[in-house]
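> Just need the structure, nothing else, for what follows:
(2 chains)
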Amino acid sequence: MATLIKISEIAQYEGQEVTVRGWLYHRTDKGRLQFLQVRDGTGIVQCVAFKKELPAEQFEIARKLTQESSVVISGTVRADKRAPGVPGKFEIGISQLELLQMAEEYPIQPKEHGVEFLMDHRHLWVRSLRQWAILRIRATIIRTIRNWLDEHGYLLVDTPILTPAAGENTTTLFEIDYFGTPAYLAQTGQLYNEANMGAFGKVYCFGPTFRAEKSKTRRHLMEFWMVEPEMAFYDLEMLMDEEEQFVSAIVQTVLAQHRQELEILERDITRLENVKPPFARITYDEAVERLNALAAETDDPERKAELAITWGDDFGAPHETALAEMFDKPVFVYHYPTAAKAFYMQPVEGRPEVCRSVDLLAPEGYGEITGGSERIYDPDLLRQRIDEIGINPENYAWYLDLRRYGSVPHAGFGLGVERTVAWVCGLPHIRETIPYARMLNRLYP
RNA sequence: UCCUCAGUAGCUCAAUCGGCAGAGCAUCCGGCUGUUAACCGGAGGGUUGUAGGUUCGAGUCCUACCUGAGGAGCCA
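So this is what the prediction gives:
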């Protein structure tokens, strides 16, 4: 009886009789010889059917197999440099072929397709090699996030998805009917994180978050995954130290475990190998100066207008890209204008127009992948900021409570998983970084 | 929401000045014992996004709408 194997481990079975189960990825018809590329989720292996070596009815099945038909194949593993596949270089000489289902005409061909067509067929597109590589890297990034935080003294404490009020501002929330009262899908777990921080010291939440922004860009989704660590007794510098260790660990783990997938994606890994602490740190003031200096050097008036920035404005996509291009790895930009950031961020002492906030900009135009800050821990100042912003303090009574019972300096940040995956994989658009992207005008499949 | 571009066979695209709607892939049939998105021969496959208009004649020009893409704003 043949051994049932995973295709990823085929090299261990050279010369042995094995069985693989899976789907036909591709077939080349050479008459009395059929090359079947079979995938099982772990890899792709070429299986070779010779007319002479198979019962007539089984060879006839091989000759007729359609793309994505499900099969069980047994045969002998042999090394062959010509054999394509993942990992490749080994193939199976078929001795037995069992058909589970002959697939109907499969819509996705091994060729170029349009974006709309592929997104309409996302439930099938995830079977394609590029998507296989991307989603495996995504899984590793998520696993590394959890492992790293768990190993560095953080406790996972889940925060709710159904929430009574806005985390940041009310214009970007999905509203739902909660038995007659309005509720919202969470856009952040941060406020709850701060409560949990008071209980456990270092905590994180990790899950989907929702923004109803009508954004139509390569880096926005309506539903995206975010990990948000929150740490008691951390200041901004400690926060940056922690973030650069964390982000470097993510990138280096993918490099160590997914050379094969990065190769499939044709990712230039030299830029990733460089992602190790320390990262450059510049203030918002310096960033504005650098951008305006760059704008001054530029002759193209369009480019000049794109780069020029007035102090106080938040960065747009061209600003972030231009800033990131000045460095060979991610760069921290800190001390943003208070007015441009969330109400709970700690003002800089003696200079309240800027706050103790920091964004991390990824290289190669991937933009902001983390955003964080020291939080205001003085109850009066927090109450004052809430009044200034004009939001209803009643909704934040429990949050203000946190400052009444042993308030401590603390800080935290959020990292967007999809943007990180897009950057690590070198993808032009975020839509391929999540299995089923929720975008403006797309809720299917 | 704004700007730009696009919509033709299942898919990717072509169609000159407004004049017979075509190719490759996929599918089906036939050939081939080393293919790498094989190759060779044959066949079927069309409400040109929708509605209206101009014209002897519209895939092509005009108007409105729908859908999508790229960019902007907002953000992770």
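> could you give the mean pLDDT of stretch A:402-420?
The pLDDT scores in stretch A:402-420 average 96.
> does that stretch come close to RNA strand B?
Yes: legend: contact between stretch A:402-420 and RNA strand B by Cβ under 7 Å from any atom of the strand is shown at A:414-416, A:418-419. All C-beta spots, glycine's among them, are computed from the backbone N, C-alpha and C.
> now those as CSV including neighbour count?
Output for the residues of stretch A:402-420 next to RNA strand B, formatted as CSV (neighbours: other Cβ atoms under 10 Å):
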residue, neighbour count
A:414, 20
A:415, 24
A:416, 24
A:418, 24
A:419, 23
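> Just the closest of these to RNA strand B, please.
Nearest to RNA strand B among the residues of stretch A:402-420 next to RNA strand B is residue A:416, at 3.3 Å by Cβ to the nearest atom of the strand.
> What is the worst-scoring helix or strand of chain A on mean pLDDT packed up against?
When the helices and strands of chain A are scored by mean pLDDT, DSSP states H and E, helix A:301-307 comes last with a mean of 84. Applying 3 or more Cβ pairs under 8 Å, 6 or more residues apart in numbering; DSSP states H and E, one finds that helix A:301-307 contacts helix A:284-297, helix A:317-325.
> quick one: low-confidence parts of chain A?
Residue ranges of chain A with pLDDT under 70: A:1, A:166-171.
> domain parsing for it?
Structural domains annotated on chain A: A:3-101, A:122-432, as defined by automatic domain parsing.
> got the residues of the stretch 101-250 of chain A near RNA strand B?
Residues of the stretch 101-250 of chain A lying near RNA strand B (Cβ under 7 Å from any atom of the strand): A:105-107, A:109-117, A:119, A:168, A:172, A:211, A:213-222, A:224, A:226.
> Check the burial of residue A:248 by counting its neighbours.
19 (other Cβ atoms under 10 Å).
> Thought residue A:188 was touching residue A:228, still the case?
Yes: the pair residue A:228 and residue A:188 qualifies as a contact (Cβ atoms under 8 Å) at a distance of 6.7 Å.
> residues bridging contact with those two, i.e. touching both?
residue A:414 (Cβ atoms under 8 Å, 6 or more residues apart in numbering).
> mind listing which of the residues of the stretch 101-250 of chain A next to RNA strand B are in helices?
Using DSSP state H, the members of those that fall in helices are A:115-117, A:119.
> quick one: which of these has the most company?
So for those (other Cβ under 10 Å), the most neighbours sit at residue A:119, 18 neighbours.
> Contact partners for that residue?
A:125, A:431, A:437, A:442.
> Residue A:44 now?
Residue A:44 touches A:7, A:25, A:37-38, A:84-86, A:88, A:129, counting by Cβ under 8 Å, 6+ apart.
> how about the nearest residue to residue A:158, chain neighbours excluded?
residue A:205 (6.0 Å; Cβ to Cβ, 6 or more residues apart in numbering).
> wait, doesn't the one you found sit right on residue A:195?
No: checked against Cβ under 8 Å, the pair residue A:205 and residue A:195 is beyond contact range at 10.9 Å.
> Going along the chain, name the strands of the stretch 151-300 of chain A.
According to DSSP state E, counting those that start in this stretch, the stretch 151-300 of chain A carries its strands in the segments A:155-156, A:162-163, A:175-178, A:181-185, A:202-210, A:223-232, A:280-283.
> For residue A:67, give me its contacts.
Residue A:67 touches A:24-27, A:103, A:106, A:109, counting by Cβ under 8 Å, 6+ apart.
> One more pass at 10 Å, please.
A:23-27, A:37, A:103-110, A:127 (Cβ atoms under 10 Å, 6 or more residues apart in numbering).
> now swap in residue A:354 and tell me
A:283-285, A:311-312, A:334-341, A:345, A:347-348.
> isn't there a helix covering it?
No: applying DSSP: H, G, I helix; E, B strand; the rest coil, one finds residue A:354 to be strand, outside a helix.
> Now it: closest residue in space that isn't a chain neighbour?
Per Cβ to Cβ, 6+ apart, closest to residue A:354 is residue A:335, 4.5 Å.
> Next, that neighbour: phi, psi?
Dihedral angles of residue A:335 (phi, psi; degrees, to the nearest 10) stand at phi 60, psi 60.
> What count of nearby residues applies to it?
By the criterion of other Cβ under 10 Å, residue A:335 has 20 neighbours.
> I figured it was touching residue A:240, is that so?
No: with contact defined as Cβ atoms under 10 Å, residue A:335 and residue A:240 do not form a contacting pair (11.6 Å).
> list residues touching both of those two?
Common neighbours of residue A:335 and residue A:240 (Cβ under 10 Å, 6+ apart) are residue A:358.
> Can you lay out the ones in helices among the residues of the stretch 101-250 of chain A next to RNA strand B as CSV showing distance to residue A:390?
Shown next, in CSV, are those (distance: Cβ to Cβ, whole Å):
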residue, distance to residue A:390
A:115, 41
A:116, 42
A:117, 46
A:119, 39
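> Quick check: the gap between residue A:207 and residue A:391.
Using Cβ to Cβ, to the nearest Å, one obtains 24 Å as the distance from residue A:207 to residue A:391.
> Which of the two has more residues huddled nearby?
The neighbour count for residue A:207 versus residue A:391, taken as other Cβ under 10 Å, is higher for residue A:391 (17 against 14).
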